[in-house]
Every structure is written in structure tokens, then in C-alpha cells.
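Undergrad: pasting the structure only:
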């Protein structure tokens, strides 16, 4: 009685090994959770202050596009990033997740295809499958730091059913920040082949070593083919808020998205009030968070470099590092780390990167690390990983 | 560049006339909003108390199925209603809306068909279209109080693509409460034709005149074909919480729903804490709310009965009344009420019922009234409606 789409929807590679870590924790093992992008940075107190400030007597439906005051706050935020949008062009969504689903839904019918750069944010595949859309990969490689694949590779992936290109910049899971030239190549390609660009800019602020983020909105003449997906989850360490946005200047898309949004009524009202507060925070806050992640990046990267046989490039943004390990199968290795290995009662959990690819067999030796813990913990966690690799390869 | 599904998704009949009421309000007209099920009853204070009580320093992702404590609270709630489910069989969703989408998605692939009793909750059509599922209507009629259509009518609507039957009980938009015999007929029909039953029981408590609600879960031997959709929105006057649930004992469905849920990560954490609080409220609270709606039902029904030419039955539950008006086109009439009519600066807005049907032309003279205001206001609002009908028919 179950649908094909339910069978074909993949289990999240970020969450599917959780039963093994639950088991390890039951046995008293301390597990460093580098599998999930859940930061330990405290959510700014203004979140609760704004919930307290509004506190309506009736917790009511809001406008389906979200509270006007919140959409205005987002428009102000974008203006600071040289992105000129008005509140009507913004839809508040249940996290970036729903923004991606609405974007796919407004552009694609069942069987339509969307190009994406693999490894990609794993849940793209879940959303696409849910909507019966086919995700078509163009593969980036660990050896060159997962840079943008060649335009020839994109051309080869095109079919008459290709409707859009979806990518994240900075990239989850690789930490690669696309340069102006790279973003421009994506945009030229989309224009040439009449594709919609779905640009996931959730990690906009998290660019390291003085890099500037290049938004797809910084390019002219593509307003009608551009959808931006965004979220407050990472920026303000408020993953549980489930407040994202979809931004588009294409009025037809806006109309379609509004109909999807009306059907599900509205995002959580209380979260919307908290989010208005978070958006009052200025650059000082986001800069301090970025600096903290840069430190963590450094700690993680330095420790990873020391592990023999690992292929790793210094991440440029987001808070992820992707690396190729000297193991046959990274997923088996992670399970082994959770089941069989510990140092002084501690072990490390990462996400197998194979679930961030659709090409069969791709990424089988790769992992994603979310550097969302304090630097010393990260250093220790990666050292444990290194010891584990050594032991694992000996045991085989 | 826009998808067919975006074009075909209907605008919400509950919200699409809002621009007309906005206009009227700008002209200084007081509009009685009987179009939307947004109660004016205060959300119990325990909502904010529980948000304050938990107040974690990091607003974090929760389990994708929802916080265990909240799922336990729901299991306790169901036990009180003679529904025996455990927390593993419960998924917390972004409102009942997402529960319906997950239910349709886990059972249907694009092109599959779902039977529903029309008029139905209008957003069913939005969700189905979003997922490329076809909603097939079996029509109920105002003349007999929108009772369950005959089984012959259901049989005629069957095709080899029919996968499920979706209905709400108590019914939104008609206020009809299906009897034990009626629910049993639906269940026997589903068993006979191997269909999944998606039972929307959001208005469970709101049954009037001593009626008892019959849940689909009260029947034996159908556990594997049953999905219950539920929500705290109406029960606790917390529409903006966006906390719903999907309940099923079918393990395959649970697994599929978990994958959908993992992709979108989790429902809003802050809302989940508030909801734990609301579920602590006992029968005393829900009984008092039900009694208040029964009073409002009485006021609305008594006033409606007095309007010449109206076909109306006394609603038995939920907080809606559906009626056939002596006008050619109820949508035109409602727009006219907002644009042209007022009594002492006041007018009344209802929802046109045509958007709650899929059969072309059906329900064209019918409206839905949500009796979510205080009784005196409802009486006045319906009297204005009556005067409006009189004036409208004279003006034509």
C-alpha cells in the first residue's frame, strides 16, 4: 500500500546512523557528534525576549507569506548584503527545507530534472523524491577541493527535461565557497539553457580568510530565473526555530509559492516573533560567530591533515569539511567506530558522504565533518578518528 | 518556467477573497470574518508557561518525529479517547497540514487517486495537487445535511488508481458528525477495496448535543490501513503553533513518513514545548470550549434559519456551518457584500463553498461560515448576511 516515492526517499545520511550512536551512548561511550550541523553556540537571548515582547493572547495563523514585520526585517537584512528585495518578494517558510521544496515544486512537475553539484546537501534528494523530481548530479572531486565542475560536465548532464540548477554556496557538505567567476559560470549556463537558478545561501556569512560571499542576486538580468533559499538556522544558531525564506522577483513563481503557502496556512507564529528579534542583531554578532567557526575550521583541518592518507582541502566557508579517507567504505568505518572503537571511552561520529551523491558508488570513501563543537573537542575528536582509521585498516 | 502543479494548485477559497476585505477595511468598514477558522478564544496561558519552563540555551533541532515528551503527551491524550497508540507510532508535524501531505505522499505516487467526500476541507486539494495526486470527489448534499453519500456513489468513483479515502470527522466544512454506522460503512468500503483510510480528526472534541465522536481507531482489524491526522490548532485555540500529528500503526508507513520527516529535519522546537503544556489541560478545558462553540452554533443556526430561502441543517460538530443560499453565485455575492454592502458600517465575509468541491459547478450557491466569534457578534453578522441577500437579489 506504500508509495514508490516513500520507498525511494533515502534515509538521511546525517541521521540514519543515529541508532548506532544511541547504542554506543547506552554502553557509556562519549560520542563526538560531528555528523550533524547542530551548533553548540548559544542562540542569542533576543530570541526569547521577542517572544516575550509580542506574546499575543491568541496564538493565531499569520499571513501565509509570514508576518509583514518579519519580511520587512529580512528585506533590511538583504539590503545590507547588497540584495535589493521588497517584503512582497519574500516568503517565510518552515526552515530552509520548505523553501527548497516550494522552489522545486513551483518549477518542476513529476519526471522533470534538476541539475545539482554533487556532493550536495543530502536532503535535496529527499525533497526531490517526495515531489517526484529527478536530481541529476554533476560531480565535484575531493582532489581539487570540490571546485565547480567544468561546464562540459554540466552540458553532458542536460536533457530536454532539465528545468533548474540547484546548489549551495558556501557549499554544504564541502565548505567550498564559489568565486565570482564560478557563480558567473553557473549563471551563464542557466541563461544559455533557459534554466531556473535555485541558490541556497544559508551559509552566506560563513566565509573565511577574508573571502566575500557572492550571491546569485548580485548578477543582473536574471531576476526572472532566480530563486534564493535562505534560513536563520545556522546564522543565529537557531536550527529549531524552523524559519527559512524563499526569495524571488519572478511574479509568476511568487503567485505559485503563495498558493502552496496558503494550503499549509503559515509558519509557526511564536518562531516568527523570535526571528524578528534575531534579525535585529548586527554584523558584530555574525562576524564573531564567523570568527569562531574559522577557528574551529583551523583546528579541524590541522588535525585532519595529520592523518596519513587523507585527501583534504582547507574549507573556505560554511561549517563543514569533506574529506576522502584511506578506507574502502566510510559508512562501514563509521559504524565500526561506533560499535567497536573508543579511546578512553570516547569515539567520533561523522556522516558518510555517499548519501550526499546520487551517482552510484561515488563518495564511498568520503565523509563530512560538521565542526560545530569547541576547538579543543574538535581536535580530540579528529585525533580519535585518525587512531580509528589506523586501527580499522589493521583489523581488516 | 513555472510548473503545471503550481498553476493547477487552487488559491485557497478561505483566503483568496482577503484582498476584498482588506479593501473594505481600508474604507473603514467593519468586516465580520466568518471565512476562516481562526477562533477568538484565548490560547491557554500554559502555552507560554511551558515555553518559559524549558527555554533551552540553544534552540536546536529535535528528533524528526518530534520531542519524545510531546509524543508521550499525545499517547496519553489518545489513551483518554480510547485510542491505544505508543509514541513510536506518532509523528509530530508542522500542523495538521503537513500530516495530510505526509499521509498522501506515503500512500500515493503521481497520478494515483484518493476518494474524498465533497465538500471537503479545501486545502486537501492544494496538498494533492502539490503532490500530483488526483482527488476524486463523492458528493454530499446540503438538502440532507451533507450526510455520508451512498456506498454506490463511492463504488462509482473507484478506479484501478484509487489508493485511499480521505475525510474529516467532524466534517470541515459542513459540521456533520458521522455516526458509528457511517464510519463503519467507510471502513468496510476501504477493506473491501483494499484502500488506505486517512481520517482527519482535528475536531474530535467538538461534537454537540451529547454526541460522541467515533474515531476510525475504534474499529478493529484495520490498523495496517489507517492513518489518523490530528492537530492542536482548534482544540487549544493555537492555530499559529503549527503542531499537528500523524498517527499510524503500519510500520512501513511509519518508516516512509520518518524519511519525509528527516528530510525537513523537525517541527519548531519552541512550539513543541508549548504544546507539551497544552496537552496537560484536562477535559474541563476542552468541555468548556466545546460548550462555548455549541452556544455559538446555536446563535449562528438560529439566525441562518430566519433567512428566507436558505437550506441549512443544524451542525453537529466542528465549528462550521455550510448552507445553500438563495443566490446564483455565492462567491459573487460575497464579493458584492465586501464591495457594495454594509449596515451601519458593518458587513460579513464567509467562504464560498465552491472551492471545497472539485466537481465543476458544485456548491456554487453554498457558503461556509466559521462560527469563531462571540454569539452576539455571530447573530449580528448573520443578520447582516440576511439583509445582504435580500438587497443583492433585489439589485439584480
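TA: Happy to help now that I have it. Since we're looking at a predicted model, the values are computed, not measured. Residues are numbered from 1 along each chain as shown, chains lettered A, B, ... in the order given.
Undergrad: phi, psi of residue A:91?
TA: Phi and psi for residue A:91, reported as degrees, to the nearest 10, are phi -120, psi 120.
Undergrad: ok, what's across the strand from it?
TA: Beta-bridge pairing of residue A:91 under DSSP bridges involves residue A:246.
Undergrad: where's it relative to residue B:21, distance?
TA: Counting by CB to CB, to the nearest Å, the gap between residue A:91 and residue B:21 amounts to 21 Å. All C-beta atoms are positioned from the backbone trio N, CA, C, and that covers glycine.
Undergrad: again with residue A:3
TA: As for residue A:3, its distance to residue B:21 is 39 Å (criterion: CB to CB).
Undergrad: Residue A:4 too?
TA: According to CB to CB, residue A:4 stands 43 Å off from residue B:21.
Undergrad: What number of residues are in the vicinity of the nearest residue to residue A:204 once chain neighbours are set aside?
TA: Once flanking residues are discounted, residue A:204 sits nearest to residue A:213: 5.0 Å by CB to CB, 6 or more residues apart in numbering or on different chains. For residue A:213, the count of nearby residues is 18 (other CB atoms under 10 Å in any protein chain shown).
Undergrad: Return the per-residue confidence for residue A:213.
TA: Confidence at residue A:213, expressed as pLDDT, is 96.
Undergrad: Now do the phi/psi pair for residue A:40.
TA: Taking degrees, to the nearest 10 as the convention, residue A:40 sits at phi -90, psi 0.
Undergrad: my guess is it meets residue A:371, correct?
TA: No. The criterion here is CB atoms under 8 Å, and residue A:40 misses it with residue A:371 at 10.7 Å.
Undergrad: Could you check which of these two has the larger neighbour count?
TA: Set side by side, residue A:40 and residue A:371 show more neighbours around residue A:371, with 28 against 13, by other CB under 10 Å.
Undergrad: give the contact list for that one.
TA: Each residue near residue A:371 by CB atoms under 8 Å, 6 or more residues apart in numbering or on different chains is listed here: A:34, A:293, A:296-297, A:299-300, A:319-321, A:378.
Undergrad: circling back: list the contacts of the residue nearest to residue A:204.
TA: Contact analysis of residue A:213 by CB under 8 Å, 6+ apart lists A:81, A:169-170, A:177, A:201, A:204-205, A:207, A:317.
Undergrad: measure it to residue A:289 for me?
TA: The gap separating residue A:213 from residue A:289 is 14 Å, by CB to CB.
Undergrad: Then residue A:363?
TA: 29 Å.
Undergrad: Compare the two (neighbour count), which wins?
TA: residue A:363 (26 against 21).
Undergrad: Tell me who's in contact with that one.
TA: Shown in contact with residue A:363 (CB under 8 Å, 6+ apart): A:118-119, A:330, A:352-354, A:356-357.
Undergrad: go again using 10 Å as the cut-off
TA: With contacts defined as CB atoms under 10 Å, 6 or more residues apart in numbering or on different chains, residue A:363 is in contact with A:13, A:118-119, A:139, A:141-142, A:173, A:322, A:324, A:330-331, A:352-357.
Undergrad: same thing with residue A:119?
TA: Residue A:119 is in contact with A:13, A:137, A:139-142, A:146, A:171-174, A:320, A:322, A:353-359, A:362-363, A:366, A:368, counting by CB under 10 Å, 6+ apart.
Undergrad: Return the subset of those residues lying in helices.
TA: If you go by DSSP state H, the contacts of residue A:119 have nothing in helices.
Undergrad: Residue A:228 - that's part of a helix, no?
TA: No. With DSSP: H, G, I helix; E, B strand; the rest coil as the criterion, residue A:228 is located in strand rather than a helix.
Undergrad: Would you quantify the distance from the closest residue to it other than its chain neighbours to chain B?
TA: Once flanking residues are discounted, residue A:228 sits nearest to residue A:247: 4.2 Å by CB to CB, 6+ apart. With the distance defined as CB to the nearest CB, to the nearest Å, residue A:247 ends up 16 Å from chain B.
Undergrad: Please report how far residue A:247 lies from residue A:273.
TA: Look at residue A:247 and residue A:273: by CB to CB, they are 21 Å apart.
Undergrad: hang on, residue A:124 is in a strand, isn't it?
TA: No. According to three-state DSSP, residue A:124 belongs to no strand; its state is helix.
Undergrad: Let me know how buried it is, in neighbour terms.
TA: For residue A:124, using other CB under 10 Å, the count is 25.
Undergrad: what's near enough to touch it?
TA: A:100, A:104, A:114, A:116, A:118, A:133, A:135, A:166-168, A:172, A:198, A:200, A:356, A:358, B:263.
Undergrad: on that earlier part again, what touches both of residue A:40 and residue A:371?
TA: Contacts common to residue A:40 and residue A:371, judged by CB under 10 Å, 6+ apart, are residue A:377.
Undergrad: before we move on, the earlier item: who's in contact with the residue nearest to residue A:228?
TA: By CB under 10 Å, 6+ apart, the neighbours of residue A:247 are A:71, A:74-75, A:78, A:83, A:85, A:89-91, A:99, A:199, A:201, A:217, A:226-230, A:254.
Undergrad: Now with 8 Å, please.
TA: Here residue A:247 is in contact with A:74, A:78, A:83, A:85, A:89-91, A:217, A:227-228, A:230 (criterion: CB under 8 Å, 6+ apart).
Undergrad: returning to what we had before: what's the most distant pair in the contacts of residue A:124?
TA: Using CB to CB, the pair of these lying farthest apart is A:133 and A:172, separated by 19.5 Å.
Undergrad: Residues of the stretch 101-250 of chain A that sit close to chain B?
TA: Counting by CB under 8 Å from any CB of the partner chain, the positions of the stretch 101-250 of chain A adjacent to chain B are A:101, A:105-110, A:112, A:123, A:126-127, A:130-132, A:163, A:194, A:196, A:224-225, A:237-242, A:250.
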